Structure formats: C-alpha cells, structure tokens
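S.K.: Fold the stuff below for me.
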Amino acid sequence: MTEPSTLPHEEDGIHDEEDRLLPQYVRDVLEAVEEGRVEDALRLVEPLHPADVADLIELAREEDRVALITALGPEVDADVYAEMNEHVRELVIEEMDPQAAAELTSEMDTDDAVAVLEDLEEEDQQAILAEMQPDDRAAVEEALSYPEESAGRIMQRDLIAVPEHWNVGQVIDYMRSDADLADDFWEVFVVGPNHHPVGTCKLSTLLRTPRNVPINAIMQEEQTLIPAQMDQEEVALKFQKYALISAAVVDAEGRLVGMVTVDDIVHIVQEEAGEDALLLSGAGEGDINEPVREAYRDRVRWLIANLGTALIATFVISMFEGTIARLAILAALMPIVAALGGNAGTQALAVTVRAIATNQLTGANRWRAVNREFRVAILNGATIAILLGAGVTLFLDFTLGWVIAAAILFNIVVAGLAGVLVPVTLDRFGADPAVASSVFVTTVTDTMGFFAFLGLASVVLL
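M.R.: Okay, the predicted model is just below:
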C-alpha cells in the first residue's frame, strides 16, 4: 500500500476537498468487486492509506463488506483494522474464523489488538485468544485485565528500555542488534535495577552524543509517569498540559510496563470530546454504524426521563388552569419563557461540563465559576427581558409586558445557576456531569419558568 497521493484532493479522483472518499470512486470499487473484476478493484485501492481503506469498508453496505474485504485481500491488513470503526470492525471479525482473527490481532500493536478484542463477546474473545501465540496472548490478557478506558488498555508494550549503567554505545548497539525491538519510538526509557523508570533520553540526544558517555549522564530525570489504572481522559490532560510525545506507564509497584504515545492521545481527545457532547443530548454513542437496538436502548431511557420532567412542568401548568382559561394569550407566551430559559441553561451547562472535563474547574475556583455564571445570567436575562417586555408592551399590553419581562429575567438567572451548580454537584459526588445534568437542568428551567410567569400573571393580571 503506497502513501496517499500528493495531488490536491479534488484532482486525485479519490478524495473531495474535505478529504472524504468521492461517491463515484466508492461506487467504482464496489462495482468492480461485484462484477468479479478483482484486479481493477485492487488497482483502484492500491494508492489508499489504511485509514482510507477503512473508510471504504465502512461506506459499503453491511452485506457487501465481507466480499469487499475478501477481494482486496492483503490490502486489508492489520493497520486497516486498527483504523476501522469499532462497530464495523466487530461485525467483520465475528465473520472470521478464530485462527484468522488471531493472526490478524497478532500483527497489531498490543493497544490496537486490545481495542479489537474488547468490543467482542466473551465467547468470541476466548476463541481468538486461544489461537494466539502464548506471548501475544499473555500481553493482550494482561491489558484486558485493566479497567476499560484506562492507561493499561491503551498503552503499547513495545518500547525501548535500557539499564542506567549502560553507555551510549551499548544502547545504540542494542537497538541495532535486536530485531524484536519496537519499530516506532521517540525516546529510550532508562530503568533501575527493579525496572523502575529513572529517566528518558530522546533519540536526537542519543545520536549526537559520543559512544563512551554514560546514558544516565544525558538522560532527563524529570518525567511524567502514568499509572496503569489512570483513566484515559486524565492521561490525555497530562499530555496536553505537559506537551508530551510519549510517556511511561507504570504498575502499582512503580515498574515500567508500557508507554502511551501522542497518536493514541489524539484519538482519545476526539473520542472524549464527542462523548461529552453526545451524553449531554442523551444520544448514546451517536455512531451512525451503531446497531439500531443499541441506539434505541441508549436514547429511549433519556426520552423516558424527559417525559418525567415534562409531566412535572405539566403539573405546574395545571395549577394555573383557571388563569390560562381567563387569559388565553398566556398559553402563546409560555413556550417563549421555557425555550429561552432552556437555552440559557444549556449554554451554562456546556461551558461548565467542558471546564470540568479539562480540569479548568476545580475546588479552588468552583465558587468563582458560579459567581461568573450568575453575573452572565443577570446580564443575559436583563437584555432579553427588556427586549421581550418592550415587544409584548408594544403589541399586547403594558402590564403583561412587565410580567413576562420579570419572569424571563428570573428564569434565565435560575437557568444559569442550574447550568453550573448541577454539573458541579454531580462531579462533587463522583457522578459524570455529562450524563445526567441536562435532565435536571431542563426540569428546573421548565418548572421554574412556568411557575414564575403564571404565578405573576395570576397575582397581577387577575
């Protein structure tokens, strides 16, 4: 498989300007496979990067994927499976016999092999593991023993570690003579007698230093060590904070067991950012390749929860049934109060959840953040209240205008406070603020908005 074309995307006949595979190109490949023109299909796919081949397979219909993979043969290698969408990859691997799947995962880095196996059913996992070589199986089983989304799951075990008493020449000779060492690495880890990491040495430093210089004389002692049990989101934050390219992973005894590299972190940052946004909306994984049953299960529970919050708001409205019956215009204005309060709450909620996820909001500045959102809510509420109150006064009634203005000011302030206090409280008690915050905030903004508007209207207008 060759490197991607250097032509501008719109001129290579494969990609559009957004780096997506062109629909006509995808159709050409699939038609070649369907008509049995395997050589033509291989010729079309040959220039693609493994990530593009993975995209091609994902764009094919589910019933066409096995035939496409079979026709492309060696073009669909371990690198392609590592880039493939997890739902598509799971369906494809389930169609393989265990021996073929074992051979495939054995060609992958340990972290990629773990990503493939962890999505499979326990029975399929064990069948594939049974066919793997003992060393590969032991490495994968050890990784699977760590919690999901932890550093132990995403770390690579192929790294360069040398004793601190070696000199530069011994390190270079070791790297040149051992054919089983890692192929891709940026630094050498220096370890003590108990395999505890004591420093790191960049390859650039190593290559520019005379052979007789001790490695511990040029190593960098200060390093960021990642506990194997650490959540991958925290790992990503450390890479971002300290501008890391790679970092050593250590077990509970402080022994070097693997490393995490920045290419893994890029995927995690993208995954975690998308995950928080989807959790706020209750959309589950939000993957278009996710099976319908799983998407239904993830979404319906939050719709049921929202149904409960809607019933609470309905109960509040029913308390003012007589007021609405006598002033029908209130029914037309109520959605404005609820909608603006909901939007204000969502804005504060999104900012707060992001701040918590990126460690910008901690116990040290929690109340400063609450005060900030309170002030923003007052300014927003006052602005919207003036505009809405003036409009209702101009077209309907002066008293009704100031009633809805007061209600909207109150609801936006409440929404702003709810948007910051709810996720902060959930985080304080160890819950994921991205999961349940939106339900609570919606409940607060709807019920308080209706209560304030209809309550004021009952007192002032009747």
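S.K.: what's near enough to touch Ile356?
M.R.: Under the criterion of C-beta atoms under 8 Å, 6 or more residues apart in numbering, the contact partners of Ile356 comprise 423-424, 427, 433. Where C-beta positions appear, they are placed from N, C-alpha and C, glycine not excepted.
S.K.: all helices for the stretch 351-462 of the chain, in order.
M.R.: Assigned by DSSP state H, counting those that start in this stretch, the stretch 351-462 of the chain shows helices spanning 366-395, 398-428, 433-461.
S.K.: Can you check which of the ones you listed gets nearest to Ala313?
M.R.: helix 433-461 (4.0 Å; C-beta to C-beta).
S.K.: just checking, what packs against the closest one?
M.R.: In terms of contacts (3 or more C-beta pairs under 8 Å, 6 or more residues apart in numbering; DSSP states H and E), helix 433-461 is packed against helix 262-281, helix 292-318, helix 321-326, helix 329-357, helix 398-428.
S.K.: list the buried ones in it?
M.R.: Applying a neighbour-count criterion of 16 or more other C-beta atoms under 10 Å, the buried positions in helix 433-461 are 433-458.
S.K.: do the same with stretch 239-247
M.R.: Within stretch 239-247, the residues scored as buried using 16+ other C-beta under 10 Å are 239, 244, 246-247.
S.K.: now, which of those lie within strands?
M.R.: Taking DSSP state E as the definition of strands, the buried residues of stretch 239-247 contribute 246-247.
S.K.: could the buried residues of stretch 239-247 go into JSON lines alongside distance to Met96?
M.R.: Compiled in JSON lines, the buried residues of stretch 239-247 are given as follows (distance: C-beta to C-beta, whole Å):
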{"residue": "Phe239", "distance to Met96": "34"}
{"residue": "Leu244", "distance to Met96": "36"}
{"residue": "Ser246", "distance to Met96": "32"}
{"residue": "Ala247", "distance to Met96": "34"}
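S.K.: quick one on the thing from earlier: just flag the most distant two among the contacts of Ile356.
M.R.: For these, the farthest-apart pair by C-beta to C-beta is Val424 and Pro433; their separation is 7.5 Å.
S.K.: okay, and the common contacts of these two?
M.R.: By C-beta under 8 Å, 6+ apart, Val424 and Pro433 have these common neighbours: 352, 356.
S.K.: Outline the domain layout of the chain.
M.R.: For the chain, automatic domain parsing gives the domain ranges 9-149, 161-279, 291-461.
S.K.: Can you add distance to Met155 and mean pLDDT and give those back as TSV?
M.R.: Below are the domains of the chain laid out as TSV (distance: least, C-beta to C-beta, whole Å; pLDDT from 0 to 100):
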stretch	distance to Met155	mean pLDDT
domain 9-149	6	83
domain 161-279	3	86
domain 291-461	21	80
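S.K.: Could you work out the end-to-end span of stretch 112-127 for me?
M.R.: Stretch 112-127 has an end-to-end distance of 18 Å (C-alpha to C-alpha, to the nearest Å).
S.K.: so how far is it from its chain's centroid?
M.R.: Distance of stretch 112-127 from the chain centroid (C-alpha atoms, centre = their mean, to the nearest Å) equals 21 Å.
S.K.: can you pull the buried residues of that stretch?
M.R.: Applying 16+ other C-beta under 10 Å to stretch 112-127 flags 112-118, 120, 124-125, 127 as buried.
S.K.: Please identify which two of those residues are farthest apart in space.
M.R.: Maximum pairwise distance in these, criterion C-beta to C-beta, is 19.0 Å, between Asp112 and Ala127.
S.K.: any idea which element Gln66 lies in?
M.R.: No, residue 66 isn't Gln; it's Val. helix 65-72 (DSSP states H and E).
S.K.: And the contacts of that helix?
M.R.: So helix 65-72 is contacted by 29-30, 33-34, 38, 41-42, 45, 53, 56-57, 60, 76, 88, 91-92, 95 (C-beta under 8 Å, 6+ apart).
S.K.: Now, of those residues, which are buried?
M.R.: Neighbour-count burial (16+ other C-beta under 10 Å) is assigned, among those, to 29-30, 33, 41-42, 45, 53, 56-57, 60, 76, 88, 92.
S.K.: mind putting those residues in a markdown table, secondary structure and distance to Ile378 included?
M.R.: A markdown table is the format used below for the buried ones among the contacts of helix 65-72 (DSSP: H, G, I helix; E, B strand; the rest coil; distance: C-beta to C-beta, whole Å):
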| residue | secondary structure | distance to Ile378 |
| --- | --- | --- |
| Val29 | helix | 58 |
| Leu30 | helix | 58 |
| Val33 | helix | 63 |
| Ala41 | helix | 63 |
| Leu42 | helix | 65 |
| Val45 | helix | 59 |
| Val53 | helix | 54 |
| Leu56 | helix | 53 |
| Ile57 | helix | 53 |
| Ala60 | coil | 54 |
| Val76 | coil | 58 |
| Val88 | helix | 49 |
| Val92 | helix | 55 |
